[in-house]
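Trainee: Predicted model and sequence follow; I will ask about them next.
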Amino acid sequence: MPAFFFLNFSFAMSSKFFSLPGRSPIDPQGFTFHCHSEVPCFQTCCRDVDMLLFPYDIVRLKQCRQMHSSDFLKKHTRLCEGSHPFFPGLKLLLAEEDDHPCPFLGVDGCTVYQHRPSACRTYPLERGVEQTGEGSPLRIHYFMTRHPYCLGHEQKHTYTIKQWEREQGLDEYNYYNDLWAEVDAFFSTNPWAGEGKAGPYQQLAFMVCYNIDSFRVYVEQNRLVQQFDFSKDERRRISRDDAHLLRFGFQWIMHVLGRKTNLVKK
Ligand code: SF4
Ligand code: SF4
């Protein structure tokens, strides 16, 4: 597998990314930032935002809105170029009003706050995941971004990265995004057996990664989980919990495409 470098907003295959304008390394002692409802720029960042949604973001948002994932995709996302040419990405579809607000922005702020996407949690930081070879440990990098409209940088409050991750509830998101980073890096090797774009395997992968409710039906109809050596507890978790199903799906689609995974056939 080639080295990969995966970020919450974007993806780059080389360390040239480190020197892109508007992004700087974070002081190991911590960074100064605070966002709260009294800042004059409150909610500015929730308008006209160009936001990639990752698979776990979609699981959480569609659960929050109590929508089927197919309906969520149709109503709230648009296809975009992914981090490489071999698999599409999804972006949040903004409202059509003049200042293009996020569809989840209400008069009092974010209406999906407990389920807000990774990018909203991580901002003003960006998180990168680097792996230099198959099986090698992931290296995490954080950067600071600065947008002129964001006055949070002028507030007198210092965080370490750990404190920021804890306050923003990032651990679970980072866990699933790291799994996705490995899957997406695998997709970047063009494993579609010459099918080209939107062939049957790529459509299957799209369903696994982005349309969890349809994947659940597919799993049940094809008795997929029963084909692998899972404990009873894990089978139960996969059948009840979208996040566990997503994790299984990531492994399964790589298995189907010929990548070695932890799945053990019965
Ligand atoms: S401080 Fe920055 S992150 Fe907070 S509301 Fe203002 S623009 Fe958004
Ligand atoms: S999901 Fe919430 S925090 Fe994120 S852009 Fe939309 S309204 Fe803002």
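Mentor: Perfect, thanks for sending it. Ligands and ions are numbered 1, 2, ... in the order given.

Trainee: ok, so what distance separates His36 from ligand 1?
Mentor: Look at His36 and ligand 1: by C-beta to the nearest ligand atom, to the nearest Å, they are 7 Å apart. Placement of C-beta: from N, CA and C, glycine included.

Trainee: nope, Val225 is what I meant
Mentor: Counting by C-beta to the nearest ligand atom, the gap from Val225 to ligand 1 is 41 Å.

Trainee: same question, Pro200
Mentor: Distance from Pro200 to ligand 1, by C-beta to the nearest ligand atom: 42 Å.

Trainee: ok, now which ones touch that residue?
Mentor: Neighbour list for Pro200: empty [criterion: C-beta atoms under 8 Å, 6 or more residues apart in numbering].

Trainee: just Lys75 next, same as before
Mentor: Contacts of Lys75 by C-beta under 8 Å, 6+ apart are 67, 93.

Trainee: Using the three-state scheme, assign it.
Mentor: helix (DSSP: H, G, I helix; E, B strand; the rest coil).

Trainee: Domain map for this protein?
Mentor: 4-169, 191-256 (automatic domain parsing).

Trainee: Check the offset of the longest one from the chain's centre.
Mentor: In this case it means domain 4-169. The chain centroid and the centroid of domain 4-169 are separated by 9 Å under C-alpha atoms, centre = their mean, to the nearest Å.

Trainee: Would that domain count as contacting ligand 2?
Mentor: Yes. Using C-beta under 6 Å from any ligand atom, domain 4-169 reaches ligand 2 at 46, 49, 102, 104-105, 110, 112, 116-117, 120.

Trainee: Quick check: mean pLDDT of that domain?
Mentor: Throughout domain 4-169, pLDDT has a mean value of 87.

Trainee: show me the contacts for the residue lying closest to Glu167 once chain neighbours are set aside.
Mentor: Closest residue to Glu167 apart from its sequence neighbours, by C-beta to C-beta, 6 or more residues apart in numbering: Tyr159 at 7.3 Å. Contacts for Tyr159 (C-beta under 8 Å, 6+ apart) come out as 30-31, 33, 167.

Trainee: do you know how far His115 is from Pro88?
Mentor: Distance, His115 to Pro88, by C-beta to C-beta, to the nearest Å: 23 Å.

Trainee: my bad, Leu79
Mentor: For Leu79 relative to Pro88 (C-beta to C-beta), the value is 5 Å.

Trainee: Helix, strand, or coil at Met144?
Mentor: strand.

Trainee: got the contact list for it?
Mentor: So Met144 contacts 23-26, 31, 124-125 (C-beta under 8 Å, 6+ apart).

Trainee: Sort out which of these are in strands and list them.
Mentor: Residues of these located in strands (DSSP state E): 23-25, 31, 125.

Trainee: All good on my end, thank you.
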